[in-house]
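Asker: I need the structure of the sequence given here:
(one chain, ligands or ions: 2)
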Amino acid sequence: MSAIGVLVMSYGTPESLDGVEAYYTHIRHGHPPTPEQLEDLTSRYQAIVGGVFPLRENTNRQVEALQRTLDERAGAGRYRCYQGLKHAAPFIEDGVAAMAADGVKEAVAIVLTPQFSSMSVGGYLKRAREEARKHGIRLAEVESYHLHPELIDALNKRVTNGLEKLGDDKEGALVLFSAHSLPAKIVEMKDPYPEQLLETSKAIADAAGIGRWQFTWQSAGQTGTPWLGPDILETLDALAREGTKAVLVAPVGFVSDHLEVLYDLDIEAKKFAAEKGIHLERIDMLNDDSQYMNALTDSIAHAANK
Ligand SMILES: CC1=C(CCC(=O)O)c2cc3nc(cc4[nH]c(cc5[nH]c(cc1n2)c(C)c5CCC(=O)O)c(CCC(=O)O)c4C)C(CCC(=O)O)=C3C
Ligand SMILES: [Fe+2]
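Answerer: Ligands and ions are numbered 1, 2, ... in the order given. Just a heads-up that it's a prediction; the model follows:
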């Protein structure tokens, strides 16, 4: 019997600085960015990239760790992982085609972000489903795992440890949960994304015994249409006015170190906060954390057995 395929999907990142234009063009549905937009994105990557792009390295590590965890828990050979990226090679379709070439008949699709939105995870799953149908692969789908106890516990530990980074400023600190903004029209579409993010945040705050916390959006796009707010910079501004001196950011919609974390939070938000007199620190990302791998493994097994 051939293995059950596991399509592990992630956003994707360029392979090198030369690849930023093609990547950005793919994100923009085939419309190349203006030279200014390209320069802006390239300079943000330059600020965070040493050798390998961090998201590429982290996704690779996550998929390796997930394969190991699946082998340990279900027996070697039962599951076989394939990467499928939204905006870079190997694309989602490449991952499904690779499974088909290996004779996979049954597979599970999962995305490396815990909460569902029709505009994020829904899009990944749709592409996976369409490609699987072409190859005659039966595909089960994991939509979200935003309250999995191992995910919450892993994040609880990171929040608890993160507060220590604030040192003497820990007393009176506020925990600021955050996630990638989306166009505000998702609210009328009754999309579960905002609510799932609040559920994840509340579960972590309860587990960690956090009294002072808020949720905010980050990394909104510039599309001329409204995006969900308030943005983290507005939130930090309001907190500074209210006298908050220390903030621990917990970006619970992301699982890896990448641009939105290493640039938007660690460089941009941190500098903005400092200018307002706020000591800002961030929780460590999950990356290939073993409890995160357990949460993924459980979700995959559950979907496969349905
Ligand atoms: C919901 C969501 C997640 C979280 C869920 C998930 O992980 O899927 C996410 C993650 C990520 N987004 C990323 C990068 C970018 N996203 C952009 C643009 C956009 N993101 C959107 C949404 C999301 N994005 C949307 C609606 C757009 C507008 C264009 C469109 O309608 O699609 C742009 C264009 C320029 C800019 O706006 O800055 C870039 C460079 C990276 C990779 C970082 C790296 O390479 O290290 C990651 C993990
Ligand atoms: Fe994005």
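Asker: Every contact and neighbour count from this point should use C-alpha atoms.
Answerer: OK.
Asker: quick one: Glu39 from ligand 1, how far?
Answerer: Glu39 sits 11 Å away from ligand 1, going by C-alpha to the nearest ligand atom, to the nearest Å.
Asker: Which helix or which strand is home to that residue?
Answerer: For Glu39, the element it lies in under DSSP states H and E is helix 35-48.
Asker: avg pLDDT for that helix?
Answerer: Helix 35-48 carries an average pLDDT of 96.
Asker: Tell me the gap between it and the middle of its chain.
Answerer: 21 Å (C-alpha atoms, centre = their mean, to the nearest Å).
Asker: Show me which parts of it are buried, residue by residue.
Answerer: For helix 35-48, the buried set under the neighbour-count rule, 16 or more other C-alpha atoms under 10 Å, comprises Leu38, Leu41, Thr42, Arg44, Tyr45, Ile48.
Asker: What separation do you get for the closest residue to the fifth one other than its chain neighbours and ligand 1?
Answerer: Across the structure, with C-alpha to C-alpha, 6 or more residues apart in numbering as the measure, the residue nearest Tyr45 apart from its sequence neighbours is Leu259 (6.9 Å). Relative to ligand 1, Leu259 is positioned 4 Å away (criterion: C-alpha to the nearest ligand atom).
Asker: swap in Ala22?
Answerer: In terms of C-alpha to the nearest ligand atom, Ala22 sits 11 Å off from ligand 1.
Asker: Chain neighbours aside, what residue packs nearest to that residue?
Answerer: Nearest one to Ala22, counting by C-alpha to C-alpha, 6+ apart, is Pro32 at 7.8 Å.
Asker: give the contact list for the one you found.
Answerer: By C-alpha atoms under 8 Å, 6 or more residues apart in numbering, the contact set of Pro32 is Glu21, Ala22, Tyr24, Thr25.
Asker: Tell me which of the residues you listed fall in helices.
Answerer: Counting by DSSP state H, these place Glu21, Ala22, Tyr24, Thr25 in helices.
Asker: Return the member of those residues nearest to ligand 1.
Answerer: Nearest to ligand 1 out of those is Tyr24 (C-alpha to the nearest ligand atom; 6.1 Å).
Asker: can you give me the mean pLDDT across stretch 210-230?
Answerer: On average, stretch 210-230 scores 94.
Asker: if we can go back for a sec, does anything pack onto the very next helix or strand once past the helix holding Glu39? Which helices or strands?
Answerer: Once the chain leaves helix 35-48, the next helix or strand it forms, by DSSP H and E, is helix 54-74. Packing partners of helix 54-74 (3 or more C-alpha pairs under 8 Å, 6 or more residues apart in numbering; DSSP states H and E): strand 79-85, helix 290-304.
Asker: which of those is buried the deepest?
Answerer: Of all the helices and strands packed on helix 54-74, strand 79-85 has the most neighbours on average by mean count of other C-alpha atoms under 10 Å, namely a mean of 23.
Asker: Now do the same contact list for the residue positioned nearest the centre of the chain.
Answerer: The geometric centre of the chain, computed from its C-alpha atoms, lies nearest to Phe254 (C-alpha atoms, centre = their mean), at 2.7 Å. Counting by C-alpha under 8 Å, 6+ apart, Phe254 touches Thr113, Pro114, Ala179, Met285.
Asker: mind redoing it with 10 Å?
Answerer: Shown in contact with Phe254 (C-alpha atoms under 10 Å, 6 or more residues apart in numbering): Leu112, Thr113, Pro114, Gln115, Ser178, Ala179, His180, Glu260, Val261, Met285, Leu286, Asn287.
Asker: go on, Pro226?
Answerer: By C-alpha under 10 Å, 6+ apart, the neighbours of Pro226 are Leu182, Pro183, Ala184, Lys185, Ala220.
Asker: Just the buried ones from those?
Answerer: Among the contacts of Pro226, those classed as buried by 16+ other C-alpha under 10 Å are Leu182, Pro183, Ala220.
Asker: Show me what counts as buried in stretch 237-245.
Answerer: Neighbour-count burial for stretch 237-245 [16+ other C-alpha under 10 Å]: Asp237, Leu239, Ala240, Thr244, Lys245.
Asker: Narrow the residues you listed to those in strands?
Answerer: Judged by DSSP state E, the subset of the buried residues of stretch 237-245 located in strands is empty.
Asker: Keep those, but drop any that are not near ligand 1.
Answerer: Checking those against ligand 1 by C-alpha under 6 Å from any ligand atom, not one of them is in range.
Asker: can you tell me which two in those residues are farthest apart?
Answerer: Farthest-apart pair in the buried residues of stretch 237-245 is Asp237 and Lys245; separation 11.3 Å (C-alpha to C-alpha).
Asker: So which bits of stretch 198-209 are buried?
Answerer: With burial defined by 16+ other C-alpha under 10 Å, the residues of stretch 198-209 counted as buried are Leu198, Thr200, Ser201, Lys202, Ala203, Ile204, Ala205, Ala207, Ala208.
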